[in-house]
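In: this one's structure only:
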């Protein structure tokens, strides 16, 4: 049994900390910005509540963290009452937040100076994976620290892998989100196409899911997408945050991500429809309808003013696709926004 702290009891952190307590059998102290949530966790699982990250981390062998973004992560680590202020030498900080590779490297250096280790260990599998203890964990950091921490991480994971030095876990998570963005867009368009063609979507998926088109997204999301149910899953705000991290890193390393940039703009449109932050992923319905009206495409194509030679060569392709292929994201955003306005005008026409 290890002495463990867990910082951040959101939809992911709450069950993950629970697995460390119940499945791992560890002595767990929890901290959450809203103390009532931490008290609720202790009432359910046992353990103890800390008033600050520093208090939670004091004397612990392992300190886990799952918060919102880079700023939140810095606050609970190197802030005035952050965990780094009290962690003992030889301890290991395991960060499950999806954050930038830059902040991971920054905190790894600060941890090394203080005599303990830092692992960036973002997770994949969503709320269901956290609740069922079957997350995939992508880790960046030193081999020795990874080997010490792996058996503890296993309490909430079915796959844990060391990807490389500090920041490598976050970079791997970026690849994960890039792949997901393209997959869900393709699945949404495929279902839309099938419905327009008058096919039985369940029969279609039953067949194509066993071939090269098969994916986790297809197996686990097609039924609800086909039924028009969207009020669950990964929050739009968090997916936009993740894709923003991916695109920022791509700008730095020179990677070309035209599809990811396009899908990010679709998410932005859905985000703009939200009545409040944290609205669940309802984007499939909008993707299937809002960007598939021929009159809107034709109207934008006629008056497209971005890279006309490129648009001429790519006749019939939506102009924001062409702009993205040429890495002109500002132009692509403007064209996509114009398409939205045209779609609204078309809907208003008899």
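Out: Arrived safely. Values in this document were obtained by computation on a predicted structure and should not be read as measured data. Residues are numbered from 1 along each chain as shown.
In: Okay, buried residues for the host helix or strand of residue 185 please.
Out: Using DSSP states H and E, residue 185 sits within helix 168-196. By neighbour count with 16 or more other Cβ atoms under 10 Å, helix 168-196 contains the buried residues 168-174, 176-178, 180-181, 183-188, 190-192, 194. From N, CA and C alone the C-beta is placed, and that goes for glycine too.
In: low-scoring pLDDT stretches of the stretch 101-250 of the chain, where are they?
Out: 232-234 (pLDDT under 70).
In: now the helices for it?
Out: With DSSP state H, counting those that start in this stretch, the ranges of helices along the stretch 101-250 of the chain come out as 101-114, 126-132, 143-153, 168-196, 201-208, 216-227, 236-253.
In: as a whole number, average confidence for stretch 272-290?
Out: Across stretch 272-290, pLDDT averages out at 50.
In: Check stretch 19-31 too.
Out: 97.
In: Can you give me the buried ones in that stretch?
Out: So, applying 16+ other Cβ under 10 Å, buried residues of stretch 19-31: 19-22, 24, 26-31.
In: what does stretch 37-48 give?
Out: For stretch 37-48, by 16+ other Cβ under 10 Å, it's 37-38, 40-41, 45, 47.
In: Same list (those residues) but as TSV, adding distance to residue 212, pLDDT and secondary structure.
Out: Shown next, in TSV, are the buried residues of stretch 37-48 (distance: Cβ to Cβ, whole Å; pLDDT from 0 to 100; DSSP: H, G, I helix; E, B strand; the rest coil):
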residue	distance to residue 212	pLDDT	secondary structure
37	44	97	helix
38	47	97	helix
40	46	97	helix
41	43	98	helix
45	43	97	helix
47	47	95	coil
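In: Would you reformat the residues you listed as JSON lines and include distance to residue 267?
Out: Listed next are these as JSON lines, based on distance: Cβ to Cβ, whole Å:
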{"residue": "37", "distance to residue 267": "27"}
{"residue": "38", "distance to residue 267": "31"}
{"residue": "40", "distance to residue 267": "31"}
{"residue": "41", "distance to residue 267": "31"}
{"residue": "45", "distance to residue 267": "34"}
{"residue": "47", "distance to residue 267": "37"}
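In: Quick check: the farthest pair among the residues you listed?
Out: 37 and 47 (13.4 Å; Cβ to Cβ).
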